[in-house]
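A.B. asks: I would like to see how this sequence folds:
(one chain, ligands or ions: 2)
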Amino acid sequence: MSEPIIRARGLGKAFESGRVRAVDDVDLDIEAGELVAIVGPSGCGKSTLLNLIAALDRPDAGELTVAGHDLMRRRDLDHYRARDIGLVFQLDNLVPSLSAIENVEVPLFGTVRPARRRRAVATAQLASVSLSERARSHPPQLSGGERQRVAIARALVNEPTIVLADEPTGRLDSHTGALVLDLLDRLRRERGVTLVVVSHDARVSARADRVLRMLDGRIAIGDGS
Ligand code: ADP
Ligand code: MG
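C.D. replies: Ligands and ions are numbered 1, 2, ... in the order given. As a prediction, the model looks like this:
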């Protein structure tokens with residue numbers, strides 16, 4: 001078996017001066033190309049675990065290696081985030097004053113030049129989520145499902161190896177949620193990205209290669225190792 005693309009050993013993150021152990025002694029191996037669902041009750045540490053993998057937050061115990069980067073030691077984390085990680089949140093957090101195409105371009109600043117090339121790359125990405133016609137619309141003019149598709153295009157525009165999604169269908173109606181899941185599935189098949197999805201949506205678990213159940217900061221079921 002090859003090296004897992006995400007590997008954690010004894011991973012820990014506490015808040016409130018150690019009183020809240022949000023992620024507690026987690027061991028985890030995720031292979032490249034896997035779709036892993038993370039489920040568990042509110043407050044069990046799912047978002048904290050994703051944030052550690054995304055290097056949005058620093059672990060305070062254990063080991064964490066993602067796509068060959070030692071996140072306990074590595075310093076240029078902005079570069080790691082920009083190159084290797086795509087993030088999709090429940091709240092799409094698009095910039096409302098920018099058009100759809102401009103939102104998709106945001107991650108390309110600093111990596112792709114000139115502006116004309118950025119526009120071309122973002123245009124292709126927006127087409128891949130079937131939103132070419134909405135390129136000039138601003139987020140307030142888009143439906144929830146359209147906004148989430150723009151957010152997915154933005155997450156994928158740098159061709160990350162890993163996409164982390166935190167309740168991506170949580171605020172979408174059932175039909176729109178299904179479209180977003182189809183899209184994530186297709187992008188995984190076509191690009192071989194590794195997908196880690198926190199979701200209560202049974203349709204996510206049904207499509208996943210593995211379902212990890214968290215409880216009180218720990219992985220209770222499904223680490224499979
Ligand atoms: P989930 O995503 O499973 O609902 P979280 O990872 O958001 O859970 O939270 C896990 C625990 O850590 C909760 O008890 C939460 O209150 C706490 N927590 C998360 N982030 C912070 C923070 N920035 N400061 C203090 N406590 C936090
Ligand atoms: Mg959460």
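A.B. asks: Residue 24 contacts residue 12, correct?
C.D. replies: Yes - assessed by Cβ atoms under 8 Å, residue 24 is found in contact with residue 12 at 5.9 Å. For glycine as for every other residue, the C-beta is placed from the backbone atoms N, C-alpha and C.
A.B. asks: Spit out the contact partners of the residue nearest to the spatial centre of the chain.
C.D. replies: In the chain, the residue lying closest to the centroid (Cα atoms, centre = their mean) is residue 164, at 1.6 Å. The contact partners of residue 164, taken as Cβ atoms under 8 Å, 6 or more residues apart in numbering, are 50, 53-54, 85-88, 196-197.
A.B. asks: Closest one of those to residue 125?
C.D. replies: residue 86 (10.9 Å; Cβ to Cβ).
A.B. asks: Am I right that the residue nearest to the centre of the chain is in a strand?
C.D. replies: Yes - Residue 164: assigned to a strand according to DSSP: H, G, I helix; E, B strand; the rest coil.
A.B. asks: Check residue 73 and give its pLDDT.
C.D. replies: Residue 73 is assigned 88 on the pLDDT scale.
A.B. asks: where does it land in three-state SS?
C.D. replies: coil.
A.B. asks: same deal with the one 10 residues further on?
C.D. replies: The three-state label for residue 83, taken from three-state DSSP, comes out as helix.
A.B. asks: Tell me the pLDDT of it.
C.D. replies: 85.
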